[in-house]
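K.L.:
Okay, predicted coordinates and the sequence, questions at the end:
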Amino acid sequence: MTEIEWVEDPDLRDPVAVLAFEGWNDAADAASRVLYYLMEHHDEIPIAQLDLEPYINYQVTRPLVSIDRAVRHIHWPATGFFGVRLAGHVHDLVLVVGEEPHLRWRQFCSEVIGVLRRLGVNRAVSLGAFVGQIPHTLPVPIFGSSDDPDFALRMGINVSTYEGPTGITGVLTSALSDEGIEAAGVWAGLPHYLAGNPSPSGTRALLYALGDVIGWHFDVDPLDEEVEGYEAQVGEAVSDSEELVEYVKRLEQESESRVIARGDSRRLVEDIERFLRNPN
């Protein structure tokens, strides 16, 4: 029995799916925030909702309670599907966002792909963020991968050679490719010493990268002020610690020597592998 609840089946133009999942694949909330940002700044169309009852351990991810006019409401975890129309572009978007499921990943992927198929999706981009030995003073490095070398070549991103544990983002990207849907993953690398706080810098970098992949320029002006304030706050906090100042300088020197920003991707691959094998 399907767990999909349909709200609307909109007519979208050759839609591209953009997927992000909160949790293990989403350091500093950078990836999921891209989708919430797009929904906030566009007229999103609620399409469908996948009930996560079969896929969630409620002792790990608990339902939320809210009170509206003295009435209590329980909000259960779900994966949401939303449409976004991009005026003037050949593609619209289908945004897929929610918690990373705990159980039955293959069944979960089948449900998600079924919805995307019904909506006419032939291309998909998954977003993620990882933490590594990356200084906050340099541009956020972006790493891209695809199981389809031709697609990766067309988009100017690196072919993934990673082997090891993965999250639902990697599993779903592979499942999409197996079903004949062109799929790519785009990851932002973030400083490990800032992983406990949301990163607007990471979100903005992923938004730029997503635009590069689908051939669209997203308006990031609303994020610029937030990024400026965030970076000023981080700079002030770091400057208060002489030890941290020296540590960041060492990271800068190592980064320059290895050219990790839009250059040699080997260091980024190493950071991703360390993060995926030991996310804690």
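P.N.:
Sure, I can see it.
K.L.:
which helix is the longest one in the protein?
P.N.:
For the chain, the helix with the greatest residue count under DSSP state H is helix 221-239.
K.L.:
just checking, what packs against it?
P.N.:
helix 200-214, helix 242-258 (3 or more C-beta pairs under 8 Å, 6 or more residues apart in numbering; DSSP states H and E). All C-beta spots, glycine's among them, are computed from the backbone N, C-alpha and C.
K.L.:
Measure how the shortest one sits relative to helix 221-239, angle-wise.
P.N.:
Here the directions of helix 200-214 and helix 221-239 differ by 140 degrees (axes from the mean of the first three to the mean of the last three C-alpha atoms, to 10 degrees).
K.L.:
in stretch 238-256, what counts as buried?
P.N.:
The neighbour-count check on stretch 238-256 (16 or more other C-beta atoms under 10 Å) flags V238, V248, L251, S255 as buried.
K.L.:
Quick one: mean pLDDT for it?
P.N.:
Confidence for stretch 238-256, expressed as mean pLDDT, is 81.
K.L.:
Test my guess that G144 contacts A188.
P.N.:
No - checked against C-beta atoms under 8 Å, the pair G144 and A188 is beyond contact range at 10.5 Å.
K.L.:
shared neighbours of those two, which are they?
P.N.:
A209 (C-beta atoms under 8 Å, 6 or more residues apart in numbering).
K.L.:
Comparing these two, which shows the higher neighbour count?
P.N.:
Taking neighbours as other C-beta atoms under 10 Å, G144 and A188 compare with A188 leading, 30 against 21.
K.L.:
Poorly predicted segments of the protein, please.
P.N.:
By pLDDT under 70, the weakly predicted segments of the chain are 1-2, 147-162, 256-280.
K.L.:
how about the strands in it?
P.N.:
With strands called from DSSP state E, the chain shows them at 4-6, 16-22, 45-51, 64-68, 71-75, 78-84, 93-99, 123-132, 142-146, 182-191.
K.L.:
Can you say which of the helices and strands packed on helix 221-239 is nearest to V227?
P.N.:
When the helices and strands packed on helix 221-239 are compared by C-beta to C-beta, helix 200-214 sits nearest V227, at 4.8 Å.
K.L.:
Just want the angle from that closest one to strand 16-22.
P.N.:
Here helix 200-214 runs at an angle of 160 degrees relative to strand 16-22 (the same axes, to 10 degrees).
K.L.:
I'm done for today, thanks for sticking with me.
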